[in-house]
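Trainee: predicted model and sequence follow; I will ask about them next.
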Amino acid sequence: MTCNVPTMFTWLRILLIPVFVGVFYLPTESHSLGVISAHWVNLTATAIFAIAAITDWLDGYLARRLNQTSSFGAFLDPVADKLMVAAALIVLVEFERVGAIVALIIIGREIAISALREWMAGEGHSSSVGVAMIGKVKTAVQMVAILFLLYWDKLDWAVLGIIETKIIGHVLIDIAAFLTLLSMAYYMKAALPKLKAK
């Protein structure tokens with residue numbers, strides 16, 4: 001197993017998952033033993049997810065900059081991404097901030113496309129289902145939406161005024177779900193000739 005700086009950042013992202021989930025189950029003011037404010041929980045969870053998102057960019061950047069790419073890192077990086085997003089969506093569903101159908105669309109697509117890529121790689125056609133621009137846009141919208149939904153409280157910015165993170169988060173996660181379906185259709189179309197050949 002290759003252990004280098006980019007891979008260590010990827011492992012950090014995986015290790016942050018139980019910490020991220022655990023924050024939501026700390027006793028808050030709504031519990032009888034609660035001494036922690038709900039705002040603190042939301043802010044901490046948002047910060048942890050933001051750190052994870054930054055390490056996602058950082059490990060890829062460092063892998064290229066330091067020439068420390070590896071097949072293990074290429075395998076582990078998307079696994080870490082999908083685990084973090086799935087954990088966030090499951091928590092958001094449980095706390096009724098995201099609909100189960102939206103979460104199912106996003107998580108289901110990740111599983112389906114990962115399986116498709118694995119199969120295509122085994123057939124020697126991995127480039128046919130490489131990361132496309134629509135996939136990158138979907139990921140960006142999805143990550144911003146999750147950050148807003150994790151924060152959940154209003155933001156008071158001097159320049160922009162009051163920002164309703166709940167509303168913005170819901171709009172963005174719905175857009176992300178739509179882009180998820182579009183990107184899945186794109187990848188399936190790209191793989192269709194190879195699937196028909198079987």
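Mentor: Arrived safely. Residues are numbered from 1 along each chain as shown.

Trainee: tell me the first helix or strand C-terminal of the helix or strand harbouring M8.
Mentor: Per DSSP states H and E, M8 falls inside helix 5-23. Sequence order places helix 38-65 as the next helix or strand after helix 5-23, per DSSP H and E.

Trainee: off-centre distance for stretch 89-98?
Mentor: Relative to the centre of its chain, stretch 89-98 is centred 14 Å away, using Cα atoms, centre = their mean, to the nearest Å.

Trainee: pull out the buried residues from the helix holding M8.
Mentor: Buried residues in helix 5-23, counted by 16 or more other Cβ atoms under 10 Å: P6, T7, F9, T10, R13, I14, L16, I17, F20, V21, V23. C-beta coordinates here come from the backbone N, C-alpha and C atoms, glycine included.

Trainee: tell me the angle that helix makes with helix 38-65.
Mentor: 170 degrees (axes from the mean of the first three to the mean of the last three Cα atoms, to 10 degrees).

Trainee: just the CA atoms of helix 5-23, as PDB, please.
Mentor: Below are the C-alpha coordinates for helix 5-23, written out as PDB (Å, rounded to 0.1, in the frame of the first residue of the first chain):
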ATOM      1  CA  VAL A   5       1.300  13.000   1.500                       C
ATOM      2  CA  PRO A   6      -1.800  13.000  -0.800                       C
ATOM      3  CA  THR A   7      -2.900   9.600   0.400                       C
ATOM      4  CA  MET A   8      -2.500  10.800   4.000                       C
ATOM      5  CA  PHE A   9      -5.000  13.600   3.300                       C
ATOM      6  CA  THR A  10      -7.400  11.100   1.800                       C
ATOM      7  CA  TRP A  11      -7.100   8.900   4.900                       C
ATOM      8  CA  LEU A  12      -7.800  12.100   7.000                       C
ATOM      9  CA  ARG A  13     -11.000  12.600   5.100                       C
ATOM     10  CA  ILE A  14     -12.100   9.100   5.900                       C
ATOM     11  CA  LEU A  15     -11.200   9.500   9.600                       C
ATOM     12  CA  LEU A  16     -13.200  12.700   9.800                       C
ATOM     13  CA  ILE A  17     -16.400  10.800   8.900                       C
ATOM     14  CA  PRO A  18     -17.100   9.300  12.300                       C
ATOM     15  CA  VAL A  19     -16.200  12.700  13.900                       C
ATOM     16  CA  PHE A  20     -18.500  14.500  11.600                       C
ATOM     17  CA  VAL A  21     -21.400  12.100  12.300                       C
ATOM     18  CA  GLY A  22     -20.700  12.000  16.000                       C
ATOM     19  CA  VAL A  23     -21.000  15.800  16.300                       C
END
